[in-house]
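Enquirer: with the sequence up front, the predicted model follows.
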Amino acid sequence: MSLALDDLRVRSLGACEYDSPFAEMLSTKRTSPHYVAEDDRVLVDDTVSVLLSHGVPIDQVPSFEAAGPRKKIYFDPAETTVGIVTCGGLCPGLNDVIRGIVQELTEHYRVKRIVGFRNGFKGLAKDARNSVTDLTLDAVRDINNDGGTILGSSRGAQDPDEMVDSLLIHEVDVLFVIGGDGSMRGAMRLVERVDERELDISVVGVPKTIDNDLPYTDQSFGFQTAFARATDFIASVFIESQAAEHGVGIVKLMGRHSGFIACYAALSVNEANFVLIPEVPFGLDGDDGLLCRVENRLREHGQVVIVVAEGAGQDLLECDGAKDASGNDKLGDIGLFLKDRITDRLTEVGLAPTVRYLDPSYAIRSVAANAYDSVYCVRLAHAAVHAAMAGRTQTVVVRWRRRFVHVPMALITGHRNQVDPDGDLWMSVLEATGQPATFGR
Ligand SMILES: Nc1ncnc2c1ncn2[C@@H]1O[C@H](COP(=O)(O)OP(=O)(O)O)[C@@H](O)[C@H]1O
Ligand SMILES: O=P(O)(O)OC[C@H]1O[C@](O)(COP(=O)(O)O)[C@@H](O)[C@@H]1O
Ligand SMILES: [Mg+2]
């Protein structure tokens, strides 16, 4: 996708006139290999030929605004009320982000009040006006030890005007939306209404996706925890299948449209023979199809391990076009389908398989963040707070090539991050599994 520098400019509500609590600490800081000053920018691309292809001087190639504290801020902290909402599916680290935002706003910016809206955007609807909770340091003290979100979450559309009314009733100046692609679309609709009503409210997003399907972020928070947890289940079916005469282990992992969890978890265990992801179609039948390949593998090695992302092979299933409350496609169960088809095939050819099938999806998504993701979450939380207090709006904070940067909200929903079948990650999966680049197609 080709971007111009202007596509990457983030919106500000206005001039920053208040001293930031970080003003003194920043007074001597300059860009270094380990720090990007607030007036410097971070390149989108890191490859020589790509940079050259823009054909413009280096300060005009696409770049992001650096995240981090500013010397001057837009909101007067003593007069600022902040709201936080978590939306969509769970993801490890949601509580860490909430806690990080509350700690930063309380201990450094000393804002007037922080409220949490309960159960996602539902908590901003008209009939939920009493569902806010005060987020104090005490309220968030140990929440990082638990998975899920203390605020609750939901799917399903809400009236954006009602949501703006709720922000006004609670005198919210800054709203943090922690959510995925759907939530960011919802947040943009909210910003439209805020603009129409000429309100001075900042909306800043912290992108959340267990599937790692949001662009402009190296890896989303919680992803490392998720694939680390997924490895336990792959290891389990590996051991089970090893102990059987004709053992087949199948694990279905989350990944609606993007197979990152499947790829990373499989590479981590490095015992999978087939990794099936939405980005790479496969066929079942014929000498080249999955069933024949599984049979051959079983005959040669006595054991097969398959890792399948939930969105893989959807074209093989009958789909009724059903949607969830947020409008996301309801997927067919590729894991159970494969389990049945593989069992039938191996039984037909007399191999009497022992098939172990695990679908640990919710057991993976509901855990607390690991130490790595906790660090990531707290740093995203800090970046989000600095961005909002400096008046940025319609903006999300992400880590891109190890730098924390600001990205216009529209870009994060513009396309999906997916495993590139021509990229080096998929190549590593092919190397590790020994499976062909395509089969049955
Ligand atoms: N196109 C959209 N416009 C407005 N709101 C949306 C849109 N898509 C999703 N939402 C809302 O955002 C919230 C979260 O969306 P969902 O798709 O469930 O999760 P995620 O944000 O994790 O992708 C839901 O309340 C949903 O109704
Ligand atoms: O059963 P639920 O809660 O609707 O969620 C299932 C989906 O949620 C996900 O974890 C991702 O959801 P989001 O779009 O909310 O990030 C998918 O991997 C999965 O398909
Ligand atoms: Mg989503």
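Expert: All right, it came through fine. Ligands and ions are numbered 1, 2, ... in the order given.
Enquirer: so residue 386: helix, strand or coil?
Expert: The three-state label for residue 386, taken from DSSP: H, G, I helix; E, B strand; the rest coil, comes out as helix.
Enquirer: and the residue in the stretch 151-300 of the chain that ligand 3 sits nearest to, what does it touch?
Expert: As assessed by Cβ to the ion, ligand 3 sits closest to residue 180 within the stretch 151-300 of the chain, at 3.7 Å. Yep, even glycine has a C-beta here, placed from its N, CA and C like the rest. Neighbour list for residue 180: 87, 88, 89, 207, 208, 209, 213, 214 [criterion: Cβ atoms under 8 Å, 6 or more residues apart in numbering].
Enquirer: rerun at 6 Å
Expert: 88, 208, 209 (Cβ atoms under 6 Å, 6 or more residues apart in numbering).
Enquirer: next secondary structure element downstream of the longest helix along the chain?
Expert: Longest helix of the chain, by residue count under DSSP state H: helix 223-243. Remark: after helix 223-243, the chain's next helix or strand is strand 247-253, criterion DSSP states H and E.
Enquirer: in its sheet, what does that next one sit against?
Expert: Under the criterion DSSP bridges, strand 247-253 sits next to strand 303-309 (parallel), strand 354-358 (parallel) in its sheet.
Enquirer: among these, which is the most enclosed?
Expert: Greatest average neighbour count among these goes to strand 303-309 (a mean of 28), per mean count of other Cβ atoms under 10 Å.
Enquirer: can you tell me if that strand touches ligand 2.
Expert: No: for strand 303-309, no contact with ligand 2 is found by Cβ under 6 Å from any ligand atom; the gap never falls below 8.8 Å.
Enquirer: and the angle for that strand with helix 223-243?
Expert: Inter-element angle recorded for strand 303-309 and helix 223-243: 150 degrees (by axes from the mean of the first three to the mean of the last three Cα atoms, to 10 degrees).
Enquirer: what is the mean pLDDT for strand 303-309?
Expert: Across strand 303-309, the average pLDDT comes to 98.
Enquirer: can you check stretch 413-425 too?
Expert: Computed over stretch 413-425, the average pLDDT equals 96.
Enquirer: what do you get for stretch 179-192?
Expert: 97.
Enquirer: how about that stretch: buried residues?
Expert: The neighbour-count criterion (16 or more other Cβ atoms under 10 Å) identifies 179-191 as the buried residues of stretch 179-192.
Enquirer: thinking again about what came up before, in CSV: the strands paired with strand 247-253, plus distance to ligand 1.
Expert: As requested, the strands paired with strand 247-253 are exported to CSV (distance: least, Cβ to the nearest ligand atom, whole Å):
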stretch, distance to ligand 1
strand 303-309, 17
strand 354-358, 24
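Enquirer: tell me the secondary structure of residue 42, please.
Expert: Residue 42 - assigned by three-state DSSP - is strand.
Enquirer: of the buried residues of stretch 179-192, closest to residue 423?
Expert: residue 181 (20.9 Å; Cβ to Cβ).
Enquirer: for the residue of the chain most remote from its centre, give me its contacts.
Expert: Using Cα atoms, centre = their mean, the residue of the chain lying farthest from its centre is residue 350. It sits 43.8 Å away. Not one residue lies near residue 350 by Cβ under 6 Å, 6+ apart.
Enquirer: who wins for neighbours among the contacts of residue 180?
Expert: Neighbour count (other Cβ atoms under 10 Å) singles out residue 208 as the most crowded of those, with 30 neighbours.
Enquirer: pretty sure that residue is touching residue 179, no?
Expert: Yes: the pair residue 208 / residue 179 is scored as a contact, 5.4 Å apart, by Cβ atoms under 6 Å.
Enquirer: so who does residue 219 touch?
Expert: Counting by Cβ under 6 Å, 6+ apart, the residues that residue 219 touches are residue 212.
Enquirer: helix, strand, or coil at it?
Expert: Residue 219 - assigned by three-state DSSP - is coil.
Enquirer: please name the nearest non-neighbouring residue to residue 83.
Expert: residue 172 (4.1 Å; Cβ to Cβ, 6 or more residues apart in numbering).
Enquirer: sorry, wrong one. I was asking about residue 318.
Expert: residue 332 (6.9 Å).
Enquirer: name the helix or strand for that neighbour, please.
Expert: Counting by DSSP H and E, no helix or strand carries residue 332.
Enquirer: ok, it touching residue 315?
Expert: No: using Cβ under 6 Å, residue 332 is not in contact with residue 315, being 9.8 Å away.
Enquirer: who has more neighbours, the two?
Expert: Comparing residue 332 with residue 315 by other Cβ under 10 Å, the one with more neighbours is residue 332, at 19 against 11.
Enquirer: pLDDT value on that one, please?
Expert: 95.
Enquirer: how about it, phi and psi?
Expert: Backbone torsions of residue 332, given as degrees, to the nearest 10, read phi -70, psi 160.
Enquirer: now residue 359
Expert: phi -120, psi 90.
Enquirer: now do the same contact list for it.
Expert: Counted by Cβ under 6 Å, 6+ apart, residue 359 has contacts 252, 335.
Enquirer: and the gap between residue 27 and ligand 3?
Expert: 42 Å (Cβ to the ion, to the nearest Å).
Enquirer: on that earlier part again, which strand or helix spans the residue farthest from the centre of the chain?
Expert: Short version, using DSSP H and E: residue 350 is in no helix or strand.
Enquirer: next, it: phi, psi?
Expert: Dihedral angles (degrees, to the nearest 10) for residue 350: phi 80, psi 20.
Enquirer: also residue 323?
Expert: For residue 323, the backbone dihedrals (degrees, to the nearest 10) come out as phi -120, psi 160.
Enquirer: and residue 302, by the same measure?
Expert: Backbone geometry at residue 302, expressed as degrees, to the nearest 10, gives phi 80, psi 0.
Enquirer: how many neighbours does it have?
Expert: The burial count for residue 302: 14, using other Cβ under 10 Å.
Enquirer: repeat that for residue 52.
Expert: Neighbours of residue 52 using other Cβ under 10 Å come to 10.
Enquirer: now swap in the one 4 residues further on and tell me
Expert: When neighbours are defined as other Cβ under 10 Å, residue 56 has 11 of them.
Enquirer: now swap in residue 71 and tell me
Expert: Count around residue 71 with other Cβ under 10 Å applied: 16.
Enquirer: hmm, it is touching residue 22, no?
Expert: No: here residue 71 lies out of contact with residue 22, judged by Cβ under 6 Å, at a distance of 7.3 Å.
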